[in-house]
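Colleague: Okay, predicted coordinates and the sequence, questions at the end:
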Amino acid sequence: MPLELNEHTASLIDVVTVDEVESLVAWLRTTSKPKVNLRRCNHMHTGALQALLLFQPRISSTPTDAFLATQVLPLLRGSSGVSSAESEPP
Amino acid sequence: MTTVMLVDDSATMLMSLKSILTKAGYTVETAGHGKEAMDKLAKGVKPNLIISDVNMPQMDGITFVREARKAPGMRFTPMLMLTTESEQTKRNEAKSAGATGWLVKPVGPDQLLGVIKQVVPGA
Amino acid sequence: MNPLLAQFLAEAADLLTSVDEGLLQLERDPGDPELVNEVFRAAHTFKGSSGLFDFPELTRLTHAAEDLLDAVRSGRLALDSGMTDDLLAAFDLIRGWLAYVTTHEQLPATAGPAAQSLITKLRGPLGGEQAAPDDSASAVAPTAVSDSAPGWLSAFETEWLESTASWLVTTSATIRFARYTPDEGCFFRAEDPLHLVRQVPALAGLGLIQPFEWPPPETYDEYQCLIGFVLATRAAVGELNHLFRYVPDQVEIVELDGAAIRRHLSGEEPPPRPAQAAAEAVVQSQAQNLELARDAYAILAAAQRSLTADSPSGARLSSVAHSVAAAAAALGAPAETVEPDVEALTARVATLLAETPAAPEEPPPAAPPPPVERATADRGRADDPGGQVGTRILKVDQEKVDHLMELVGELNVAKNGLTFLADAAEEEFGSRVLGRRIKDQYSGLHRIAEELQAAVMDVRMLPLSVAFSRFPRLIRDLSRRLDKTVELVTEGDDTMADKDVIEALGDPLVHLVRNSLDHGIETSAERVAAGKAPAARITLTAVADGDAVIVEIADDGRGIDPDKVKRKAYEKGLISEDELEALTETDAVDLIFRPGFSTADQVSDLSGRGVGMDAVRASVEKLGGTVTMRSQPGRGTSTRLRLPLSMAVTQVMVVSVAGQRFGIPVDLVVETVRVPAAEIGRVLHQDVVVLRGEVVPVIDLARVLDMPWTPDPAADQRVLIVSLHGQRVGLLVEQFHREVDVILKPMEGLLAYAGEFSGTALLGDGLVLLVLNMKEVLSLAARTQ
């Protein structure tokens, strides 16, 4: 399952597709102080990202996927996704 | 296992796309026109991607995409239209009907497999 | 041969046939949009498949034909006979090529020049249409680096923008920025914007566009896309255009240098631009800017004219190539290195012209609508359910129609129940008045039920073309294998019949057509020797005839030799020596339908032996139809199938024998007669009755069905006269009842093997009626005599 929903923590695993968005949102709606584990996440659908932006759960574990870690995680933390490593001259 | 449904009235086209996809490890379902494809969807075939021709008898590709979007479980399934380079307006129509994108005929293996990777996350 | 090529060749033959037919019909009826569309579709499919093989001339030629047909289809051009000639010539040339490809697997060496002259002709009406602009071709400048940064750049962090600007200035480099604003419903086209962003090559920075105000969590719709992205990349504009090609209206791309970013940060105005460089600054994925598109279109049209008119070479050719490249860039088409030869350039120009959105035919209005309006219009259209013009068509599941049909059947059964009730009211309760009133109610209900039934039947109707559609291909394949030349003509394709009838018609028709090709039609050599045209003709005709549809398969082959048939039948022991002498020619031909008959001297791999014409007759009769065959030796054979328009409801005459009721299809019933027992005579062990001078054999149905019953010799005998294959037979029954409409169900269980019954039906009083298969009953009678 791409989505493991526990009492306080949700784990996003491998590719989270649009089909998982509904249950993720339902879980975020009903969970107080939700935490999200992104460690094993390789991609999340835009709908999932949007839900994380709206509900602002705590990211308990950061993704190992390079794109998610360098570009998307900063967006979730409220800064723009510019990574210092990438802003070198071409 | 990623299943691709091919819809085209040209058996030649079906044969060529099917051989590319099968070699790349995809499961392939084929249909000769939109009506047949709808019947397959109604019978529970659930593709991860649909590739359909535009000009077909019985039910054209754009109508098919519009109908297929309403089929159970097909709301978010990527659907690509097979078009020729001159079918610009058809592409816009197809997008309005719910198509994700298009392929330009003749479709080579690189183009086909590249687009699948582009529109099907995790394919 | 490569199986894909073999498949293409097989399919090509069909497509070419429909193109030819369509074009010829179009010439007669040039205004028919459906016809144009059909021809276009065939040419289009042909071109699509041809591209799979390395036959560039073939693809180019079909492309030119397709473009011309597309112009006709869209109403931009009226088809004249000159164009039809060119189109027919093009497809004739292709047919010749394909014959060559079949044996050599490559195009003939002459293909290039032959194609070129036709392509030029086909493109003539298209190129000539465009009004050439007066001004010269150099107005379009290649895409420039923008001096003014869009406001959305502020979605990036200031610090990052500053450092990026400073290294851009240092290195005199530029960087590409894109804003991607997915529309709200994009998830429902299976778009995943984040997945697309992930694929941006050489991503240097990513920013988020959040909604101005997030909805409260309770009303949040998770399937509505509310966010967007801004991104910076070192990838080329072309790469970005390619990646975002499916969502061009959601993406804006701009190329900036360090100075422009710094001006954005300090809030400065861009420097005044020289008039010369007034071309669009923002690179848009597709040429959304109308003015730019119009100029580019004009250049392309001019280039096309120059290419077709005076075949430029040398410096002139390369200058044309240059202007085409500039126009292509302006249109946002991917760069394509084109060899500076006339052919390649012509093709390139044609492609670009075809891609360019609606070039205006008149001079541009003073103020073209701003692109913004266009974008909103497009967006509005996406939500539009699709305004339909003309009749609204409802698409319904076949199952639902079938269910409706079943309900109509049950209504009929319930309706029939009223007549039993009326009888009961009269006979059991002695109330004639009540009986009459029930019958009045019945006739009102009957009328409504009939109309309802007709309406549902109408929904189930399909044109015969559905059944005919497989034959062009079948005939082509078979005639090639048999080395015979056959032309197929279909008439009355639009005759309608119930879908069940159409489906059931398929196999018998295939069998008859195969038979005709195999046995009826001679080889071209034999035909020429017999003074006939080398190409044979098979005609499939459908006509409606009241409640029936008549389908006729006719060929102009060698016909059937009645003497040969008779001899064969005699040799096989199917007829007696007397019959050999006495049988008329028509009856002799009919022998072909006898089980175990085959006229071919040798068993052919096509129609084979055994499953012969008797199987055809049996399956047609199972549908409640008849088959007759007529033949003129040396002139051809025609087989006529007469089928009920619908199979769902059958009218049967109910009779009873030994207290048991049976149904007989009304189609077969000629009359009901009562004759005194004494008038039933006996000739050669066969009971007969003489009706109006005709001797009709009488069969005791009870005896045939093995039911105990002895008719009262004092009373009049009831005889039902039926007609089967033109022959009259009387059935001795106990009692006649009424005619009823029933839904015939196939036999199940133990009775499935009882050939004398064709099915069962439920009667209004709940009893099950067995419907007789008259043909089987008669042959059973012949055996039990």
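Modeller: Cool, got the structure. Residues are numbered from 1 along each chain as shown, chains lettered A, B, ... in the order given.
Colleague: Which secondary structure state is assigned to residue C:539?
Modeller: strand (DSSP: H, G, I helix; E, B strand; the rest coil).
Colleague: Residue A:69 now?
Modeller: helix.
Colleague: contacting residues around it?
Modeller: Neighbouring residues of residue A:69 by Cβ atoms under 8 Å, 6 or more residues apart in numbering or on different chains: A:62, A:63. Yep, even glycine has a C-beta here, placed from its N, CA and C like the rest.
Colleague: how does it look with 10 Å?
Modeller: When contacts are counted by Cβ atoms under 10 Å, 6 or more residues apart in numbering or on different chains, residue A:69 touches A:38, A:41, A:62, A:63, A:83.
Colleague: swap in residue C:86?
Modeller: By Cβ under 10 Å, 6+ apart, the neighbours of residue C:86 are C:64, C:65, C:68, C:80, C:118, C:119, C:120, C:121, C:122, C:123, C:124, C:125.
Colleague: Dihedrals phi and psi, the closest residue to chain A within chain B?
Modeller: Residue nearest to chain A within chain B (Cβ to the nearest Cβ): residue B:122, separated by 3.5 Å. Residue B:122 adopts backbone torsions of phi 80, psi 10, taken as degrees, to the nearest 10.
Colleague: since we're on it, how many residues are nearby?
Modeller: 14 (other Cβ atoms under 10 Å in any protein chain shown).
Colleague: same deal with residue A:73?
Modeller: Residue A:73 has 18 neighbours, counted by other Cβ under 10 Å.
Colleague: what sits against the closest residue to it other than its chain neighbours?
Modeller: Distance criterion Cβ to Cβ, 6 or more residues apart in numbering or on different chains; nearest residue to residue A:73, sequence neighbours excluded, is residue A:62 at 6.0 Å. Residues in contact with residue A:62 (Cβ under 10 Å, 6+ apart) are A:37, A:38, A:39, A:41, A:68, A:69, A:73, A:76, A:77.
Colleague: Below-threshold pLDDT in chain B: ranges please.
Modeller: Within chain B, the segments meeting pLDDT under 70 span B:86.
Colleague: Could you pull out the buried residues of the helix or strand hosting residue C:476?
Modeller: Taking DSSP states H and E as the definition, residue C:476 sits inside helix C:471-482. Judged by neighbour count using 16 or more other Cβ atoms under 10 Å in any protein chain shown, the buried positions of helix C:471-482 are C:471, C:472, C:474, C:475, C:476, C:478, C:479, C:482.
Colleague: Equivalent analysis for stretch C:257-271, please.
Modeller: C:257, C:258, C:259, C:260, C:261, C:262, C:263, C:264.
Colleague: Mind jotting down where the strands sit in chain B?
Modeller: B:3-7, B:27-31, B:49-53, B:79-83, B:101-104 (DSSP state E).
Colleague: what do you get for chain A?
Modeller: With DSSP E, the ranges of strands along chain A come out as A:3-5, A:9-12, A:14-16, A:35-37, A:41-44, A:58-61.
Colleague: and the first one, what does it pack onto?
Modeller: Here strand A:3-5 touches strand A:9-12, helix A:21-30, going by 3 or more Cβ pairs under 10 Å, 6 or more residues apart in numbering or on different chains; DSSP states H and E.
Colleague: can you give me how far it is from the chain middle?
Modeller: 12 Å (Cα atoms, centre = their mean, to the nearest Å).
Colleague: Show the contacting residues for residue 39.
Modeller: Using chain A. A:11, A:12, A:13, A:59, A:60, A:61, A:62, A:63, A:64, A:65.
Colleague: Wait, chain C was what I had in mind.
Modeller: C:18-26, C:65-66, C:69, C:72-73, C:79, C:87, C:91.
Colleague: Confirm that it sits in a helix.
Modeller: Yes. Assessed with three-state DSSP, residue C:39 lies in a helix.
Colleague: So for it, what's the nearest residue that isn't a sequence neighbour?
Modeller: Per Cβ to Cβ, 6+ apart, closest to residue C:39 is residue C:22, 3.7 Å.
Colleague: Closest residue of chain B to chain C?
Modeller: Counting by Cβ to the nearest Cβ, chain B gets nearest chain C through residue B:106, at 3.1 Å.
Colleague: Run a quick neighbour tally on the residue in chain C positioned nearest to chain A.
Modeller: Of the residues in chain C, the one nearest chain A is residue C:206, at a distance of 3.4 Å by Cβ to the nearest Cβ. By other Cβ under 10 Å, the residues close to residue C:206 number 27.
Colleague: Tell me what it is bridged to.
Modeller: residue C:231 (DSSP bridges).
Colleague: Wait, it touches residue C:232, no?
Modeller: Yes. Using Cβ atoms under 10 Å, residue C:206 is in contact with residue C:232, at 7.9 Å.
Colleague: What separation is there between residue C:251 and residue C:179?
Modeller: Going from residue C:251 to residue C:179 by Cβ to Cβ, to the nearest Å gives 7 Å.
Colleague: got any residues that touch both of these two?
Modeller: Here residue C:251 and residue C:179 have C:228, C:229, C:231 as joint contacts, going by Cβ under 10 Å, 6+ apart.
Colleague: from what I can see the last one touches residue C:200, true?
Modeller: Yes. The pair residue C:231 / residue C:200 is scored as a contact, 5.9 Å apart, by Cβ under 10 Å.
Colleague: what residues are up against residue C:82?
Modeller: Going by Cβ under 10 Å, 6+ apart, residue C:82 touches C:121, C:124, C:125.
Colleague: if I look at it, how far off is chain B?
Modeller: Applying Cβ to the nearest Cβ, to the nearest Å, the value for residue C:82 to chain B is 23 Å.
Colleague: just residue C:538 next, same as before
Modeller: 23 Å.
Colleague: Contact partners for that residue?
Modeller: Taking Cβ under 10 Å, 6+ apart as the definition, contacts of residue C:538 comprise C:471, C:475, C:479, C:486-490, C:512-513, C:516-517, C:520-521, C:553-557, C:636.
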